[in-house]
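A.B. asks: Return a 3D structure for these sequence lines:
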Amino acid sequence: MGLGVGFSLAVQPVQAQTMITTPTDGLTAGVVKVKTSDGKEMSAYRAYPATGQGFGTVLVVQEIFGVHQHIADMCRRFAKAGWYAIAPDLYFRQGDATKVSDIQALMKDIVSKVPDAQVMGDLDSTVAFAKGEGKADTTKLGITGFCWGGRIVWLYAAHNPGLKAGVAWYGRVVGQASELLPKHPIDVVKDLKAPVLGLYGGVDSGIPNDTVDQMRAALKAAGTPAATKSTIHTYPDTPHGFNADYRPSYRKEQAEDGWKRATAWFNENGVPATGKS
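C.D. replies: Modelled structure (predicted):
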């Protein structure tokens with residue numbers, strides 16, 4: 001199964017009746033190879049409008065389940081709205097998440113072995129690739145991510161001084177420090193270089209509301225421009241994964257509102273779409 005095709009075995013069965021599929025007409029879309037800083041080749045799914053150039057650039061960061069069909073579709077949705085969007089396979093050194101049928105095994109054998117420093121470097125390499133293609137304007141750089149990727153959004157906003165804005169969908173904000181994960185979003189609030197919009201579910205069993213409230217308080221207390229501008233929106237009575245239209249957790253109203261907020265956030269914070277939706 002290729003990158004951006006199908007779903008991880010760990011999330012079967014798929015809710016086909018609610019799954020959104022964005023066509024590729026009017027787009028240039030597909031899998032590309034990104035050269036990483038250590039000389040390896042990392043696959044990525046990317047999409048952008050078939051005509052024009054200078055598009056605002058959005059890094060799309062995967063859920064714990066890897067770069068599957070839904071993540072590729074998110075890239076196409078951004079492309080349809082006028083952005084250059086690219087989702088790198090950030091687990092590629094550790095394994096293929098789509099082939100693991102048990103979520104606990106996925107966490108233990110792949111996800112837990114991915115260092116934050118590696119992810120930051122691979123995202124930087126992805127930006128360099130996008131710049132090299134000549135279609136994206138990487139001075140208008142944004143990042144969005146879901147679940148596992150939501151946490152990464154906060155970290156990358158503290159890592160890359162060239163980033164203009166981030167949108168974190170239900171990403172964990174607190175956690176225990178470890179060798180591979182030395183800091184969590186709440187630890188880097190004062191280091192944010194770009195404002196982040198957080199989108200969270202009020203009944204997310206994996207991300208308690210009190211931790212999200214702690215993040216809000218930390219952003220307010222930091223006093224820096226990026227932290228002050230950052231904001232978190234919580235949807236009441238909404239579970240984790242509410243944007244995942246292929247899963248039972250999908251909530252159409254909240255997902256559509258989140259999309260409107262995300263695209264507006266990018267347009268208003270230095271990552272404008274150049275094309276038309």
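
A.B. asks: Could you use CA atoms for every contact and neighbour count after this?
C.D. replies: OK.

A.B. asks: which residues sit against the lowest-mean-pLDDT helix or strand in the chain?
C.D. replies: Sorting the helices and strands of the chain by mean pLDDT, DSSP states H and E puts helix 103-109 at the bottom, at a mean of 92. Around helix 103-109, the neighbours that count as contacts under CA atoms under 8 Å, 6 or more residues apart in numbering are 10-11, 64, 94, 97, 100.

A.B. asks: Redo the residues you listed as JSON lines? Include neighbour count and distance to residue 262.
C.D. replies: Listed next are these as JSON lines, based on neighbours: other CA atoms under 10 Å; distance: CA to CA, whole Å:
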{"residue": "10", "neighbour count": "17", "distance to residue 262": "28"}
{"residue": "11", "neighbour count": "16", "distance to residue 262": "25"}
{"residue": "64", "neighbour count": "18", "distance to residue 262": "21"}
{"residue": "94", "neighbour count": "13", "distance to residue 262": "30"}
{"residue": "97", "neighbour count": "26", "distance to residue 262": "27"}
{"residue": "100", "neighbour count": "19", "distance to residue 262": "31"}
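
A.B. asks: Contacts only, for the residue nearest the centre of the chain.
C.D. replies: Nearest to the mean C-alpha position of the chain, by CA atoms, centre = their mean, lies residue 145 at 1.6 Å. Going by CA under 8 Å, 6+ apart, residue 145 touches 60-63, 151-153, 167-169, 171.

A.B. asks: Narrow these to those in strands?
C.D. replies: Of the positions in these, 60-61, 167-169 sit in strands, assigned by DSSP state E.

A.B. asks: Out of those residues, who's the most crowded?
C.D. replies: residue 167 (32 neighbours; other CA atoms under 10 Å).

A.B. asks: just for the stretch 1-150 of the chain, where's the confidence low?
C.D. replies: Scanning the stretch 1-150 of the chain for pLDDT under 70 picks out 1-2, 4, 8-10, 12.

A.B. asks: at 90 instead, please
C.D. replies: Filtered on pLDDT under 90, the stretch 1-150 of the chain yields the residue ranges 1-19, 97-103.

A.B. asks: can you give me the strands for it?
C.D. replies: Per DSSP state E, counting those that start in this stretch, the stretch 1-150 of the chain carries strands over the ranges 27-35, 41-49, 55-61, 84-88, 136-146.

A.B. asks: Just name the most buried of the ones you listed.
C.D. replies: Mean neighbours per residue, mean count of other CA atoms under 10 Å, is largest over the strands of the stretch 1-150 of the chain for strand 84-88, with a mean of 31.

A.B. asks: Alright, that wraps it up for me.
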